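Colleague: Provided below are the primary sequence and the corresponding predicted coordinates.
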Amino acid sequence: MLIGVLASTNVSALDNVSLENMDKQEEIVRKGRVSDSGGPLGGVSIKIVGTKKGVVTDANGVFSIKATANQVLMVSYLGYLTQQIPVNNKTSFEITLLTDAAALDEVVVVGYGTQKKVNLTGAVATISSEELTTRQAPNTTSLLQGRAPGVQITQNSGQPGAENANIQIRGMGTFSGAGNNPLILIDGVEGNLNNLNPNVIENISVLKDAASASIYGSRAANGVILVTTKSGKAGRLNIDYSYNYSRQKATSMYERVTNSVQFMELLNKAINHTGTSTNQLYSDEQIEAYRQGTISNSEQFPNYDWMDAVFRTAPMQQHFLSVNGGKDGTTYNFGLGYLNQDGMLIATGYKRYDAQLNFKTNLGGRVTFGSNISLSKGDRHETALNGNFDGNTTEDQILSALAANPTFKPKLPDGSGRYASKAYIFESGNKNPVAIAENGGKTSDNYYALASSYINVDILPGLKGELKGAVRYQDGQSKVHVVGIPAYLYQPDERGEYIYNTQYNGTVGENNLTVRGERELQLTYYLNFNYAKSFSDIHNINALLGYNQETFKYDRLQGFRRNAPTDNLTELDAYSSAGQIAEGQAYEWAIRSIYGRLNYNYKQRYLFEANFRYDGTSRLPSGKRWGFFPSASIGWRLSEESFLTSTDWINNLKMRFSWGQLGNQNIGNYPYQAILSPIEYNIGGALQQGMSLEDLNNSNLKWETTTATNIGLDFDLFKSSVFGSVDWYTKYTTDILRTLQVPDFIGLNGPTVNRGEMRNSGLEVLLGYQNKLNSFNYKIQANFETYKNKLVKFGAREIDNGSGLIRQEGLPYNSYFMYVFDGIYQTQEEIANGPTPISALTKPGDMRYKDISGPDGVPDGKIDANDRMVVDGAFPSFNYGLTFSADYKNFDFSFFLQGVEGRKIYVKEWGIAPFRQSGPPPTFWLNAWDGPGTSNTIPHIFNENYAPNTQVSTWWLQDASYLRVKNIQIGYTFPGSLVNKIGFQRLRIFLSGDNLFTFTKFFDGGDPERLAANSRMAIYPQAKIYTMGVKALL
Amino acid sequence: MKTYKTKYSLLIFMTMLMSCSSVLDKDPLTNPSSTNYWNTTIEAQKALIACYAKLKEPLFSGGPNQSGNSLYWEALSDNALNTSGWEGFDVIMRGDFDPSTTAGVVTKTWQFAFQGIANCNYFLANVDRRVNALSEVESKRMKGEASFLRAYYYNDLVQLFGDVPLNLEPETLDGDFQQRPRTAKSIVVEQILQDLDVAIANLPQVAYSDGRAVKGSAIGLKTRVLLNGKRYQEAAETAWSLIGDPNNPFGLYSNYAGIFFGEQNNNKEIMFSVLFTAPTDYHSMDQVIGGRMSVFPTAELRDSYEMGDPRRKMTIFEEGDPWAYNPQGFMQTGSTAEGQIPFNTMAFKKYVDTTVNNASGATLSDQHFVKIRYADLLLMYAEAMFESGQGADPRALKALNDIRTRPSVNLAPLTELTRAAIRNERRVELAFEGLRYNDLIRWEIADEVIPQIVYDKQGNKRRFKAYLFPIPLAEMDRMNGVWQQNEGY
């Protein structure tokens, strides 16, 4: 095995006492201290090359060893580049170890165990704790973004505590019910990543191929994310503390016409063109009043930008304290975190308190006992939606603001504090978002505990047993408190009085309250035995066999009452019992499994691994509920072959091949059972319960299976300065569990069926380079992934016309299917001479669509449903990420880019269409068609629901490719000599910026980083986060 | 010692794990399973309630926080206009629609009616599954109700869509539904009539009171179906089977306005309706914003009331009428509900609680939505008699005159039946009850009258697209090539 040796330039003589005339053979005491960028390192091995002599550094990184001047010290530590340092005449050493991204003896967490990275035969990506905590984003899932090839994270919202970040590993594997979420295991137990403070995470492994994931069998088809939390290290007691203060600002803001006169004239123009809502036309007098008033009396006649009313620059603070260490066979790591994040959208915010308690002790002899406990409490606040408990409140807030006209401000100009609904009675619009934000609201308090205990026993030499039991308990209480709010017209009547116009949330009385309590309880037990044996370092065997059982139950109780005497009470007893509603529900599932693994390698040169899992699930009928999921993989470390060991620029070179099968049973809880659902009807003056059969039932379900193949290459070259890996894979999913699309006329919902086959194939590349120039250390790492999705078998094609999607064999799943925009009609003749437009209302200035086909498959001179066409862009062409980090003396610097190329997103309505609910149009509509020859890209401005232009067409399908500077950070670590005096081991301060720049061709004001499923433009924007922070080690 | 402890606890733990072998058998906790249903009378009753439940869809009646609702249907006819985009009624009213804009009323009517039919089919196929669970009387009546409801849903479908697939049995996964053709309207109508004959035979001849269909409801619906099919003689006979029955429990009610608000319970004129009871089961029709003011009468409707017809004031708000929101009366300015009033300064008053002064939003209203009533039956009888050449029969004239001369209307009786008189009487008597559009289609005059209606202040006129709705595009997509789209799309 070759060892990466770096020149000893980072050794600086602290002591310049000349020892020239000392005898080179004389053994004298040499002292030194070993540290890394995070501070002193304990437990580092210092050996004298060619001897058996060696020592280990203490908790402060200090060592002392006797050596002669012509000997060489070998300094090594797991996960760091080993250094060889000639002793020469120095008696004192200050040694800085560099982390080794491709460390040969690095250990990677895999299913139910660990594995040396060099011996891995599956495709496993790892993310270190440093990579995770570089960014200041408060949402843990989002921190994984762009860090590993094949792991695609899309954060759909910037709402604090509800970022809704979506994880997709290696494309879209299936289209069955619960989708493509990977299995997330925290210290071996299913848990929730977002309830975990990123500071307590030691590392994350992403199991991407079947070989590495199949030990998790039926739940691994979408990949597995293994999170390991930090445990203490034997040695001194450490106290880590960090504090960040951030300011968050929207990455992009809707740019709209906010000049009232311009807005009024444009709306008139749009109404006259569209021919509907003519009661909303502004009179010349009204426009004139604003023309004068905006200059002379801008309080009464404002040019108001409602984005200023609802968006703000919001602060965020994070504290984290960790106490860790170990003594006498016991190690511990306690972490405490606090996050206080105000939202950029008014009335939104999130607070999280979390604690991680990890503890492990040797019970003497061969038994080790430990416990990992995560606790968190998250409190989220947002606005209340009347009568819609689970609705998207922030979307409602944003679209209400987008629908508000610039002609009025949130409150009346008379200083009374009364809310305004609109300027004039005939204006359209939605709600006053400020009034909604300031009255009532929704609170969601979520308590989370993930506690596990384990016993490890060394039963016999090489044979170990592990027993773990865990509880995940989540308890949430949410309250939607709705308060009726009167609102007035902003323009007074002839008597000068502000007229009462409407009451928001005025449903049925003046206020109401819904309270929901919900609980989740998941119990996990597993027991496994691991046997490892090496025969003369030639034949190495490792075998694992285990049993796992999990049960889950969810239940919910919900109550609704209305009419409390005052508007500030948020307990049900304060409300009237008349018309109260009580609701409750529960569901459960269980899974039992037997699993095993066998590893064999010959001289660590030829590697072999086989896994299996045998899973039984409560979700399938008893005859079909057990499924067997095998996998096998082989690896060949070419660098261990004799013909390459002498090639000194190759440190490690390995080829991998794997094959395996994975399952999916994530399809609802009782998919094969025919159930009746309650439905109510009034008989004799009271609601009576009815029972309705709503679904077509399929009692004959079986497992969905994904067969995956992976070919990979790992390399580590030029003394580890160049490293990386390349993986090619295919995932072929069969018997996909999906809802069968049935015609509406059967009156029943489609059943879950095993129907459909889908293929994903892709390529992933990771490439890194690290080097140093004098004191300047730097590292650059890039990742790239591309994949193709194809629906191989499906049955009858399905079209989702509202979203412009088609599911058809031979195409990528959910390909875009829509009319093709073909310029703007310039003249009436053009309309008359061209194909019959889709709408009889079509006029010059409206969109023209391509005549693709007719009922007989050829263009028929008529634009209708036959002219919808498949359009690309459902899946990105490729995703990529790039990290650069460097340090020079006490300064460190890093930046991180992430991007998506070739993805398109269909968007509509508020924030993009002109005058949705009469909201001011985005500024690009100022360049709209306005007479022949004026534009062939932007149609004549129109009012909403205008059939010629609001068809699902490619005009609304935008290129959502982007390149985003996700993070730039600069830090300074105070010299040890300075901070040691005041009791710190280490002290670092930094400035960091998140989501600083975005390069995209997407619609102005829209964020291209979003889930395609959300076709409305109005979503909570992502945050630019400017942070300053301090990190101290005591 | 310590190791033994560990070993024993391991052993105990393992035993605990392995012992519960049934851990994978999980049954739904919130819903009953259909496999062990149908054992008791109560279960059958609950399955029958489900057959009714689709009538609770706001599109067919009303619902919480919904104002207007089923009244939107009136705006498809020449009786009313609509300025709201709710369920896409506005584009149909203007005539600007095509199959790709069929979300809303077109798609939902299709879905809800077929869901109602599926519930009826499930009930009818299973009600006799457990012999003796139900008494003979109970079983007959319940089957009568389900048959009535299946006929009700199918009648809506054939009137709006023409040929539709005819399903009479619960669907199964291996069924042929992906290839099923649309059944000719005439065949579906035969089935509707058969179902109604079952209903008429099985339902009791009692007054309608609690929301359950009775024999009179089925006779009313059968008359409507026959009349739609221009089977005048049969329609007249069917109507007369109730009108002429000495035990007829139905009759005209003395207060016209009371049929729609305030005096609906046990009202002898109502033959079938959708009931509401606030505060648990309410709609918000009295809410001044939304549907209530978005669907408003046309000048043509107002002008079709003859001089002195009190029903005009009981049906329409006109300028200056007493108006709870404004002491000056119903007008464009000076009101707490200002701006809601439509451009032609009219609103519907039928059904409305005129004392409600609540500009603040939704109300807890519970008017029952009347679906079939005795005056409709009398007018259908008059029309059927006239169109079958029996206009001179005094019973036909009396049917019409009973309506005109009832207390609270008190118009002079006509001396002679004419087609125009019958049609106009129908229009004014039944305005805003969702029947006019069906009438225009039956009389085949929709394409003449609709394009004459101005729908906005600027004088834009409506277009009439076609006598049938298009089959929803999504359904056509799902039936990929098996079906033909309706004429005109």
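Modeller: Yep, it's here.
Colleague: contacts only, for residue A:237.
Modeller: Residue A:237 makes contact with A:323, A:324, A:325, according to C-beta atoms under 8 Å, 6 or more residues apart in numbering or on different chains. Bear in mind the C-beta positions are built from the backbone N, C-alpha and C, glycine included.
Colleague: go again with 6 Å.
Modeller: Contact partners of residue A:237, counting by C-beta atoms under 6 Å, 6 or more residues apart in numbering or on different chains, are residue A:325.
Colleague: three-state assignment of it?
Modeller: strand (DSSP: H, G, I helix; E, B strand; the rest coil).
Colleague: just list whatever residues bridge to residue B:323.
Modeller: Bridge pairing for residue B:323 (DSSP bridges) gives the partners residue B:326.
Colleague: pretty sure it contacts residue B:330?
Modeller: Yes. Using C-beta atoms under 6 Å, residue B:323 is in contact with residue B:330, at 3.9 Å.
Colleague: contact partners for the residue nearest the centre of chain A?
Modeller: Central residue of chain A (C-alpha atoms, centre = their mean): residue A:165, 3.2 Å from the mean position. By C-beta under 6 Å, 6+ apart, residue A:165 lies in contact with A:139, A:141, A:142, A:153, A:155.
Colleague: can you tell me how far it is from residue A:138?
Modeller: According to C-beta to C-beta, to the nearest Å, residue A:165 and residue A:138 sit 11 Å apart.
Colleague: do the same with residue A:777
Modeller: Counting by C-beta to C-beta, the gap from residue A:777 to residue A:138 is 29 Å.
Colleague: more crowded one of the two?
Modeller: residue A:138 (25 against 19; other C-beta atoms under 10 Å in any protein chain shown).
Colleague: from what I can see the more buried one touches residue A:338, true?
Modeller: No. Applying C-beta under 6 Å as the test, residue A:138 and residue A:338 come out as separate, 11.1 Å apart.
Colleague: flag every residue of the stretch 651-800 of chain A that's near chain B.
Modeller: Residues of the stretch 651-800 of chain A lying close to chain B by C-beta under 6 Å from any C-beta of the partner chain are A:670, A:673-677, A:679, A:681-685, A:687-693, A:696, A:698, A:743-748, A:796, A:799.
Colleague: and the gap between residue A:737 and chain B?
Modeller: Note on residue A:737: its distance to chain B, by C-beta to the nearest C-beta, to the nearest Å, is 14 Å.
Colleague: pLDDT wise, what is residue A:260 at?
Modeller: In this model, residue A:260 is scored at 96, pLDDT.
Colleague: with residue A:313 as the reference, measure out to it.
Modeller: In this view, residue A:260 and residue A:313 are 26 Å apart by C-beta to C-beta.
Colleague: more neighbours: which of those two?
Modeller: Taking other C-beta under 10 Å, residue A:260 and residue A:313 do not tie; residue A:260 has more neighbours (27 against 13).
Colleague: hmm, the more buried one is touching residue A:305, no?
Modeller: No. Counting by C-beta under 6 Å, residue A:260 sits too far from residue A:305 to count as a contact (10.7 Å).
Colleague: got the contact list for residue A:379?
Modeller: For residue A:379, the contact set (C-beta under 6 Å, 6+ apart) comprises A:351, A:445.
Colleague: low-confidence ranges in the chain?
Modeller: This is for chain A. For chain A, the stretches flagged by pLDDT under 70 are A:1-24, A:37-38, A:79, A:99-105, A:171, A:173, A:175-179, A:506-509, A:1012-1014.
Colleague: you answered for a different chain; I wanted chain B.
Modeller: Looking at chain B by pLDDT under 70, you get B:1-21, B:68, B:99-101, B:131-133, B:289-291, B:334-339, B:359-361.
Colleague: the strands in it, which residues?
Modeller: B:80-82, B:270-274, B:295-297, B:316-318, B:346-348, B:369-373 (DSSP state E).
Colleague: no further questions, thank you.
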